[in-house]
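# pasting the sequence and the predicted coordinates here, then a few questions.
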Amino acid sequence: MQDLLIIGAGPGGYKTALHAAQHGLKVTIFEAGHVGGTCLNVGCIPTKTYVHSASFAEAIERQPQVVEQLRSGVETLLSHPNITLVREHATFVDAHTVQTHSGQRYTADNIIIATGSSTKWLNLGPSQPTAPSRPPRGGANISSGISSETQVPPRGDLEGAISPRERGEGLVVDSTGLLSLKELPRRLCIIGAGVIGMEFASVFRHFGSEVTVVEFLKECLPAIDADIAKRLRKVMEKQGVKFYMGAAVKEIRPLSNSPRGGEDSLSSGEKENIGLAALPPTGGAGRGASVLFEQKGKELSVEADVVLMATGRKPNTEGLNLEALGITLERNGAIPVDEHFEVAPSKSPRGGTCVTAENPEDMPAPPRGGWEGALYAIGDVNGRQMLAHAAEFQGHHVVNRILGIEDHIRFDVMPAAIFTTPEAACVGPAEDQLKAAATPFECHKAFYRANGKALSMGETEGMVKLCCEPGEGRLLSCHAYGAHAADLVQEATAYITLGATLRQLRETVHIHPTLSEILIEVN
Ligand SMILES: Cc1cc2nc3c(=O)[nH]c(=O)nc-3n(C[C@H](O)[C@H](O)[C@H](O)COP(=O)(O)OP(=O)(O)OC[C@H]3O[C@@H](n4cnc5c(N)ncnc54)[C@H](O)[C@@H]3O)c2cc1C
């Protein structure tokens, strides 16, 4: 009998295992794939390696080295004497027992599900698209950027147009498929302008691909301040990324089968301006796909050598046998949890079916001591905040709770960044969201072009928006785009977490010349 079982060794699972082990708990952690999970192997780390590579050739050479180095670091951490790493798929027998594929059973008082998420493929089919509409922008939780990259109406099945073989050949890929390409696509079409779509658009344009983004919503990055999102998109347009906003994708056809052919996303003049004409084609004759979509009542199409599906991520719950635990999944497929990430058991009797609630009202009430022992779900699988650091801190909190250690982690203050060039980042609610909630606030802005360090770096594009309670009161949020925006937002996160005011931020001495000074230069 172990103290703690953890299913999944992503940033949620492995960091939680380490924290628990360092506090004396005996932990067994199960991993069906590579340790490090999505983040280390096919997410944060490979994409940021791409962002910091000068060329595609350099990126594909460096990426496996960086990943391998970090992976072996994680394996070393997991060799802690209190941790047993089981490299197998795990499934539930009951709320205290887990079984691996080889038939071995493990029992513990506490079990943490940290199985992460995977690509949500866009469903396409014959029915008519719904008119695009823009939901209220939400700054507090960027998971709306990663988990539901864009709001796309379900329409049948993509399989009808693009076969799994074509997916496999790299015609229509998800982020993992794009990261495994060995040849730079001359034309890349990205469906979805959420965090993943925007990051790949930025980096592949930088590598020299002709990039077109087709987005259902009217603006990119729904989690970030609308003004900042628009400014960032305009910068990327100047860099040569072509955006079709408010556009509903209807079909993707393999190029050779496309009856209407399609059109290039950029005119020859535009191509010359951004130096694309010289690029060689990626594949052989007839390779590629035509993405058909509707924008403002017009049917349009874009041809591409590779199509990236960046329309969201869904929690990994299949194969866990959650049915045996009587858990009712949320509508987005996430495991429901309470404020301490303890799994909310369904009102149905034990052994009931694992169903998806159609209406949020049908969701079971959060548990109030009803569960025997404790079952937790952290990270992407609970659908709260699909970010690596969210997974890590949620696991930290769970272990503290098991150990009876009080902590004060502010899960309502969750910073997030989008690693485009330039970066964008946010913490706390966007201005629109504060307005919609009728929260009394005042908004202060500053621009990079007025900052000495930004000018000296030649990084004059950017803006910071700080919202606080009236009268330079308590800081509520910070949204920014520009060089190192994530670092500025990180500083604001510290102030917001500690309940500091704008006055206190202004009274904090900042080193000169730094980009941080932008925070005290707000109007
Ligand atoms: C392209 C991309 C870029 C991203 N960039 C960023 C970024 O810059 N910053 C950021 O904060 N987030 C980023 N994310 C999101 C981030 O990767 C996730 O939020 C994070 O990995 C979630 O951690 P996790 O531990 O919940 O799950 P995961 O990292 O998905 O790990 C889950 C692990 O569980 C294993 N597993 C699943 N089921 C079982 C089972 N039954 N038995 C055993 N093992 C199992 C899986 O193999 C996997 O290794 C990015 C994601 C993508 C796709």
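Noted; the coordinates are in hand.
# rest of the way, CA atoms for contacts and neighbours
Fine.
# can you list the residues of the stretch 151-300 of the chain near the ligand?
Applying C-alpha under 6 Å from any ligand atom, one finds that the stretch 151-300 of the chain approaches the ligand through 175, 196.
# would you mind measuring from the closest residue to the ligand within the stretch 151-300 of the chain to Ile111?
Using C-alpha to the nearest ligand atom, the closest approach of the stretch 151-300 of the chain to the ligand is made by Ser175 at 5.1 Å. Applying C-alpha to C-alpha, to the nearest Å, one obtains 30 Å for the distance of Ser175 from Ile111.
# neighbour count winner among those two?
Relative neighbour count places Ile111 above the other of Ser175 and Ile111, with 27 against 18, counting by other C-alpha atoms under 10 Å.
# give me the buried stretch members for the helix or strand where that one lies, please.
Using DSSP states H and E, Ile111 sits within strand 105-113. Neighbour counts using 16 or more other C-alpha atoms under 10 Å place 106-113 of strand 105-113 among the buried residues.
# go on, stretch 397-411?
By 16+ other C-alpha under 10 Å, the buried positions in stretch 397-411 come out as 397-400, 411.
# let me know the pLDDT of the closest residue in space to Ile520 that isn't next to it in sequence.
Counting by C-alpha to C-alpha, 6 or more residues apart in numbering, Ile520 lies nearest to Arg506, which is 5.1 Å off, once chain neighbours are set aside. Listed pLDDT for Arg506 reads 97.
# what's the burial count for Arg506?
Arg506 has 15 neighbouring residues, counting by other C-alpha under 10 Å.
# one more: Ser102?
Neighbour tally, Ser102, other C-alpha under 10 Å: 9.
# what does it show for phi and psi?
Per-residue torsions, Ser102: phi -80, psi 0 (degrees, to the nearest 10).
# which residues sit in contact with it?
Glu88 (C-alpha atoms under 8 Å, 6 or more residues apart in numbering).
# all helices for the stretch 201-350 of the chain, in order.
Ranges of helices in the stretch 201-350 of the chain, per DSSP state H, counting those that start in this stretch, are 226-238, 268-273.
# which stretch in the ones you listed has the least confidence?
Taking the average pLDDT of each of the helices of the stretch 201-350 of the chain, the minimum falls on helix 268-273, with a mean of 44.
# the strand holding Ile111 close to the ligand?
No - judged by C-alpha under 6 Å from any ligand atom, strand 105-113 stays clear of the ligand, getting no closer than 8.5 Å.
# just stretch 15-24 next, same as before
No - applying C-alpha under 6 Å from any ligand atom, one finds stretch 15-24 separated from the ligand by no less than 8.6 Å.
# remind me which residues of the stretch 301-450 of the chain are low pLDDT?
Counting by pLDDT under 70, the stretch 301-450 of the chain has low-confidence residues at 345-373.
# and the chain, what are its domain boundaries?
2-35+78-116+316-403, 142-312, 422-520 (automatic domain parsing).
# first-to-last residue distance for the last one?
By C-alpha to C-alpha, the extent of domain 422-520 from end to end equals 21 Å.
# that domain and the ligand, are they touching?
No - counting by C-alpha under 6 Å from any ligand atom, the ligand has no neighbours in domain 422-520; the shortest distance is 10.6 Å.
# was I right about Thr38 contacting Gly10?
Yes - if you go by C-alpha atoms under 8 Å, Thr38 and Gly10 touch, sitting 6.5 Å apart.
# ok so, going back, redo the buried residues of strand 105-113 as JSON lines? Include distance to Val42 and pLDDT.
Listed next are the buried residues of strand 105-113 as JSON lines, based on distance: C-alpha to C-alpha, whole Å; pLDDT from 0 to 100:
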{"residue": "Tyr106", "distance to Val42": "29", "pLDDT": "97"}
{"residue": "Thr107", "distance to Val42": "31", "pLDDT": "96"}
{"residue": "Ala108", "distance to Val42": "31", "pLDDT": "95"}
{"residue": "Asp109", "distance to Val42": "32", "pLDDT": "90"}
{"residue": "Asn110", "distance to Val42": "29", "pLDDT": "96"}
{"residue": "Ile111", "distance to Val42": "26", "pLDDT": "97"}
{"residue": "Ile112", "distance to Val42": "22", "pLDDT": "98"}
{"residue": "Ile113", "distance to Val42": "20", "pLDDT": "98"}
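# and which of the residues you listed is nearest to the ligand?
Of all the buried residues of strand 105-113, the ligand sits closest to Ile113, with 8.5 Å by C-alpha to the nearest ligand atom.
# give me the neighbour count for Gly458.
12.
# now do it against Ile224, distance only.
Using C-alpha to C-alpha, we find Gly458 at a distance of 25 Å from Ile224.
# of the buried residues of stretch 397-411, which belong to helices?
397-400 (DSSP state H).
# so what pairs up with Val172 in the strands?
For Val172, the beta-bridge partners are Val307 (DSSP bridges).
# I figured it hits Leu308, correct?
Yes - between Val172 and Leu308 there is a contact under C-alpha under 8 Å: 5.9 Å.
# what lies in contact with the helix or strand just after the strand holding Ile111?
Toward the C-terminal end, the helix or strand that comes next after strand 105-113 (DSSP H and E) is strand 117-119. By C-alpha under 8 Å, 6+ apart, the residues outside strand 117-119 that reach it are 38, 174-175, 310-316, 380-381.
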